[in-house]
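# fold the following for me, if possible:
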Amino acid sequence: MREISWVLLVDRGARENPTFRWDGIQAGLDYLAEYWALRFTRTSNPRARVKFIASRTQGGPNWAAWANRSNFEIRISPTFNFGSNLLTSATAVVHEFMHLAGGSHHSSVQKDIMSPALEPGEQITQRDAQYMAAYAWKGARRPWNEPTYFRDKFTLTHRLLWVQPPKLYFPDACDQPRRWREWLDSFGSSVKGPE
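Numbers count the residues shown, from 1 in each chain. Have a look, this model is predicted:
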């Protein structure tokens with residue numbers, strides 16, 4: 001099984017997008033690992049294979065996220081409204097990771113995860129799977145045979161979800177994690193602890 005390390009970084013002067021569910025990164029990657037022989041491991045090393053970056057600037061008009069295959073970066077928009085929705089955030093992560101895996105083109109079919117429009121709950125179709133061709137299938141399961149699994153997996157059904165915020169690292173000072181309380185406070189009242 002191939003292991004891919006990833007790290008979460010923040011551009012200098014950037015503020016994390018408060019509507020992006022940062023736990024959607026690992027959730028989206030874990031979804032991919034259910035089908036392909038991959039394991040995703042989070043690290044604090046800024047030289048990790050894949051870098052998720054809270055971007056200071058917007059990539060393009062109404063872009064949720066964008067990937068740079070030359071340096072394996074996925075940047076999260078500082079202004080796109082993800083609605084604090086795990087499904088929307090995980091959809092963006094899976095779409096952008098598939099760009100890094102080899103998919104430089106978008107699909108013209110709206111339900112495909114490689115469609116350029118961010119529609120939460122899209123699925124990986126047979127057309128999309130070609131982007132993951134470099135990775136071996138884990139077993140007999142195929143994402144297109146489970147058309148609602150992706151959506152169902154990330155639909156929030158609990159009244160309250162307590163998510164421990166990830167530690168964020170700055171690229172030029174990766175060994176100085178931001179304080180947890182400061183990170184949590186940056187979301188204002190949209191994140192609550194256990195009652």
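# so for the host helix or strand of Ala90, mean pLDDT?
For Ala90, the element it lies in under DSSP states H and E is helix 86-100. Averaged over helix 86-100, pLDDT sits at 90.
# buried set for it?
By neighbour count with 16 or more other Cβ atoms under 10 Å, helix 86-100 contains the buried residues 86-100. Any C-beta I mention is one placed from the backbone N, CA and C, and that applies to glycine too.
# list phi and psi for the closest residue in space to Ala136 that isn't next to it in sequence.
Among residues not flanking Ala136 along the chain, Ala37 sits closest, at 4.4 Å (Cβ to Cβ, 6 or more residues apart in numbering). When read as degrees, to the nearest 10, the backbone of Ala37 gives phi -80, psi 70.
# hmm, Met1 is touching Ala37, no?
Yes. In this structure, Met1 is within contact of Ala37 by Cβ atoms under 8 Å, at 4.9 Å.
# got the contact list for the nearest residue to Ser115 once chain neighbours are set aside?
The shortest distance from Ser115 to any non-neighbouring residue, by Cβ to Cβ, 6+ apart, is to Ser107 (5.2 Å). Shown in contact with Ser107 (Cβ atoms under 8 Å, 6 or more residues apart in numbering): Met114, Ser115, Thr125, Arg127, Asp128.
# kindly recompute the last result at 6 Å.
Shown in contact with Ser107 (Cβ atoms under 6 Å, 6 or more residues apart in numbering): Met114, Ser115, Arg127.
# kindly report the same for Arg127.
So Arg127 contacts Ser107, Asp112 (Cβ under 6 Å, 6+ apart).
# if you average pLDDT over stretch 30-49, what comes out?
93.
# show me what that stretch is in contact with.
1-7, 29, 72, 132, 135-136, 138, 141, 143, 169, 171, 174.
# identify each buried residue in that stretch, please.
Here stretch 30-49 shows Tyr31, Leu32, Ala33, Tyr35, Trp36, Leu38, Phe40, Arg42, Ala48 as buried, counting by 16+ other Cβ under 10 Å.
# quick one, grab the pLDDT at Phe72.
Confidence at Phe72, expressed as pLDDT, is 91.
# how far away is the spatially closest residue to it that is not a sequence neighbour from Thr41?
The spatial neighbour of Phe72 that comes closest, neighbours along the chain excluded (Cβ to Cβ, 6+ apart), is Val50 at 5.1 Å. Using Cβ to Cβ, to the nearest Å, Val50 is found at 10 Å from Thr41.
# helices and strands around the longest strand belonging to the chain, which ones?
Among the segments of the chain that qualify as a strand by DSSP state E, the longest is strand 2-10. Contact partners of strand 2-10 among helices and strands, from 3 or more Cβ pairs under 6 Å, 6 or more residues apart in numbering; DSSP states H and E: strand 38-42, strand 50-54.
# closest to Ile76 out of those?
With Cβ to Cβ as the measure, strand 50-54 is the member of the helices and strands packed on strand 2-10 nearest Ile76 (5.6 Å).
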